[in-house]
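A.B. asks: Mind looking at a prediction? Sequence and model below.
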Amino acid sequence: MRKLKFPTAQTLLILIATVVTTLTWLIPAGKYDNLSYNSDSNTFTKTSLKETTELPATQETLDALNIKIPIEKFTNGDIYKPISIPNTYKQLEAKPQGFGALVTAPIKGIIEASDIIFLVLIIGGLIGIMNLTGAFDAGIAWLADALKGREYILIILVTTLIAAGGTTFGMAEETMAFYPILIPVFLAAKYDAMVGLACIFLGSSVGTMCSTTNPFATIIASDAAGISWTEGLPNRIIMLFICLTITILYILRYAKRVKSDPKKSIIYDQKEELEELFGLHKTNVSVKFTSKLKLILFIFTMSFVVMIIGVSALDWWFVEMTATFLVGAIIIGFVAKIKERTFVEAFAKGAAELLSVAFIIGIARGVTILMQDGLISDTILFYASGMTEGMSKGIFANVMLVIYGGLSFFMPSSSGMAVLTMPIMSPLADTVNIGREIIVNAYQFGLGLFYLIIPTGLILAALAIVKIGFNKWLKFIMPLFFILLVTIMLFLTVSVY
């Protein structure tokens with residue numbers, strides 16, 4: 001009997017889309033009214049079903065709508081997306097999605113996610129140019145020699161630096177660029193690709209889970225809850241230290257086991273395939289690390305430095321990030337004296353290598369579109385918010401954690417989740433006499449923790465780059481998932497008393 005293989009990421013997402021399509025036939029349709037701020041006219045637009053009403057942008061308007069948010073949060077641009085209005089949920093006529101909607105959802109998702117898709121493709125092109133120059137091979141050979149006997153430093157350094165990006169400005173999609181670059185470094189250090197994947201993905205995930213100054217999670221969620229983002233900050237800093245330490249120790253333990261005996265690797269059956277995929281065999285060849293190759297690596301590194309500065313300080317987003325990598329590729333082409341035709345072919349080949357990743361991102365976005373079009377997202381939020389009546393403080397905080405973990409499957413966007421749920425969920429804290437920062441922390445911890453395993457997030461895209469199956473990732477991550485879950489639940493319980 002042939003052994004059944006775990007489906008690819010694309011197939012898995014299409015199966016999930018099929019399940020979500022079915023749910024639109026089973027879950028009642030419903031929607032909250034929402035409120036958006038118009039900076040041009042200094043007014044609010046209240047949308048209720050198909051009706052829109054213009055309202056003055058004043059604190060009195062917010063108070064009348066039972067929205068406990070200072071007006072300044074809207075006028076200074078902190079809240080820039082439409083928010084849900086509490087106590088306005090209405091059940092609507094069912095809008096089940098059929099076969100046509102299921103078929104077109106991935107296409108709509110690809111169109112809607114075109115910004116991140118183009119970022120991924122341009123990064124692929126840049127990597128194609130870098131591979132052509134030989135700078136990666138020379139740099140990896142040099143680094144492997146420099147770290148001999150101290151390879152564990154690589155794990156601590158990469159995980160910590162990426163976590164720093166995650167906690168400060170929500171570095172997530174940007175990490176797609178790091179997998180093709182850093183995985184060969186980990187392989188050269190005699191680890192497996194799972195170690196490299198874990199350092200990058202878990203660094204980003206733990207950082208964003210314990211966000212401190214992340215404007216796309218902490219700040220927007222706190223604003224939507226009507227509190228300052230500094231409330232609850234000490235607890236998030238403590239959790240960042242605890243969770244990052246646990247994560248690094250977990251990766252180090254696995255890495256040590258693999259280094260001692262490669263057969264203990266979860267992906268040992270792919271060892272040769274992955275080494276060939278990431279060109280590890282080239283690192284065994286003596287490559288002279290010339291001044292030109294060092295300059296090329298410097299330009300490549302500066303592309304990321306410029307991107308990080310732009311995103312964190314200059315309000316850059318996908319267009320600017322993508323342009324940065326495109327310019328970086330062109331400059332490297334000039335420095336390396338690559339012929340125009342050769343440059344275009346290498347760039348296109350590099351982009352093609354990440355095309356499957358782009359499709360995964362689009363299909364995942366398509367799942368969200370199915371839920372929006374089927375009008376079931378707000379219904380799920382409505383029933384989730386009603387589960388906490390009459391609970392004690394400790395149980396309430398942990399139930400909120402689990403609720404947000406469940407909602408993350410349907411709403412993986414941190415900023416989208418914040419503006420949709422915080423006006424509804426944060427007032428529940430008042431009913432059990434705890435601070436609203438507990439809701440913000442539960443939102444962050446729940447969203448970040450379940451982000452490690454939900455297929456509608458970025459994990460499938462990351463796995464596609466590294467060519468590792470989702471089943472193997474689950475085998476690696478589940479022990480850490482439960483350790484972090486227990487840690488967070490204990491911390492939340494203590495923090496409310």
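C.D. replies: The structure has been received and is ready for your questions.

A.B. asks: switch to C-alpha atoms for all contacts and neighbour counts from now on
C.D. replies: Will do.

A.B. asks: so where is the stretch 251-400 of the chain shaky, pLDDT-wise?
C.D. replies: The model of the stretch 251-400 of the chain has pLDDT under 70 over residues 279-287, 312.

A.B. asks: mind checking the SS state of Gly457?
C.D. replies: coil (DSSP: H, G, I helix; E, B strand; the rest coil).

A.B. asks: Which secondary structure element is home to the residue lying closest to it once chain neighbours are set aside?
C.D. replies: Nearest non-adjacent residue to Gly457, counting by C-alpha to C-alpha, 6 or more residues apart in numbering: Pro412, 5.8 Å away. Assigned by DSSP states H and E, Pro412 belongs to neither a helix nor a strand.

A.B. asks: Next: the one 3 residues further on.
C.D. replies: Secondary structure assigned from DSSP H and E places Ser415 in helix 414-431.

A.B. asks: Give me the next element, helix or strand, following that helix.
C.D. replies: helix 437-450.

A.B. asks: about what we covered before: and the residue nearest to Gly457, what does it touch?
C.D. replies: Applying C-alpha atoms under 8 Å, 6 or more residues apart in numbering to Pro412 gives the contacts 447, 451, 456-457.

A.B. asks: Weed out the non-buried ones from these.
C.D. replies: Buried members of these, scored by 16 or more other C-alpha atoms under 10 Å, are 447, 451, 456-457.

A.B. asks: Using JSON lines, lay out the residues you listed together with distance to Val327 and pLDDT.
C.D. replies: Output for the buried ones among the contacts of Pro412, formatted as JSON lines (distance: C-alpha to C-alpha, whole Å; pLDDT from 0 to 100):
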{"residue": "Leu447", "distance to Val327": "34", "pLDDT": "90"}
{"residue": "Tyr451", "distance to Val327": "32", "pLDDT": "90"}
{"residue": "Thr456", "distance to Val327": "31", "pLDDT": "79"}
{"residue": "Gly457", "distance to Val327": "29", "pLDDT": "78"}
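
A.B. asks: what would those look like in a markdown table with distance to Val367?
C.D. replies: Converted to a markdown table, the buried ones among the contacts of Pro412 look like this (distance: C-alpha to C-alpha, whole Å):
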| residue | distance to Val367 |
| --- | --- |
| Leu447 | 17 |
| Tyr451 | 16 |
| Thr456 | 8 |
| Gly457 | 11 |
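
A.B. asks: Just want the angle from the helix holding Ser415 to helix 437-450.
C.D. replies: 140 degrees (axes from the mean of the first three to the mean of the last three C-alpha atoms, to 10 degrees).

A.B. asks: Buried by neighbour count: which residues of helix 414-431 qualify?
C.D. replies: 414-429.

A.B. asks: and if you look at stretch 314-332?
C.D. replies: 318, 321-326, 328-330, 332.

A.B. asks: How far does it sit from its chain's centre?
C.D. replies: Averaging C-alpha positions (C-alpha atoms, centre = their mean, to the nearest Å) puts stretch 314-332 20 Å from its chain's average.

A.B. asks: Just the CA coordinates for that stretch, please, in CSV.
C.D. replies: Taking Å, rounded to 0.1, in the frame of the first residue of the first chain, the C-alpha atoms of stretch 314-332 are listed here in CSV:
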residue,chain,number,x,y,z
LEU,A,314,9.5,57.1,7.4
ASP,A,315,6.1,55.4,7.1
TRP,A,316,7.2,53.3,4.2
TRP,A,317,5.2,50.3,3.1
PHE,A,318,5.2,47.7,0.3
VAL,A,319,5.7,50.0,-2.6
GLU,A,320,8.8,51.7,-1.1
MET,A,321,10.2,48.4,0.3
THR,A,322,9.8,46.8,-3.2
ALA,A,323,11.5,49.7,-4.9
THR,A,324,14.4,49.5,-2.4
PHE,A,325,15.2,45.9,-3.4
LEU,A,326,14.8,46.7,-7.1
VAL,A,327,17.3,49.5,-6.8
GLY,A,328,19.6,47.3,-4.8
ALA,A,329,19.5,44.7,-7.5
ILE,A,330,20.3,47.2,-10.2
ILE,A,331,23.3,48.7,-8.3
ILE,A,332,24.7,45.2,-7.7
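
A.B. asks: Would you mind pulling the contact partners of that stretch?
C.D. replies: 115-116, 118-119, 122-123, 125-126, 129-130, 296, 299-300, 303, 306-307, 310-311.

A.B. asks: Please repeat the previous calculation with a cut-off of 7 Å.
C.D. replies: Under the contact criterion C-alpha atoms under 7 Å, 6 or more residues apart in numbering, stretch 314-332 has outside partners 115-116, 119, 122-123, 126, 129, 296, 299-300, 303, 307, 310-311.

A.B. asks: ok, now stretch 36-52?
C.D. replies: Contacts of stretch 36-52 (C-alpha under 7 Å, 6+ apart): 33-35, 53-57, 74-75, 81-83.

A.B. asks: Would you point out the most distant pair within those residues?
C.D. replies: Largest separation among these by C-alpha to C-alpha: Asp33 and Thr75, giving 20.3 Å.

A.B. asks: Compare those two (neighbour count), which wins?
C.D. replies: Asp33 (21 against 17; other C-alpha atoms under 10 Å).

A.B. asks: just to revisit the earlier point, pLDDT score for the residue nearest to Gly457?
C.D. replies: We have a pLDDT of 71 for Pro412.

A.B. asks: ditto for the one 10 residues further on
C.D. replies: Turning to Met422, the model gives it a pLDDT of 85.

A.B. asks: next one: Ile140
C.D. replies: pLDDT, read off for Ile140, is 69.

A.B. asks: Confirm for me that Lys90 is in contact with Tyr32.
C.D. replies: Yes - here Lys90 reaches Tyr32: they are 6.4 Å apart, a contact under C-alpha atoms under 7 Å.

A.B. asks: neighbour count winner among those two?
C.D. replies: Ranked by neighbour count (other C-alpha under 10 Å), Lys90 and Tyr32 place Tyr32 first, with 24 against 16.
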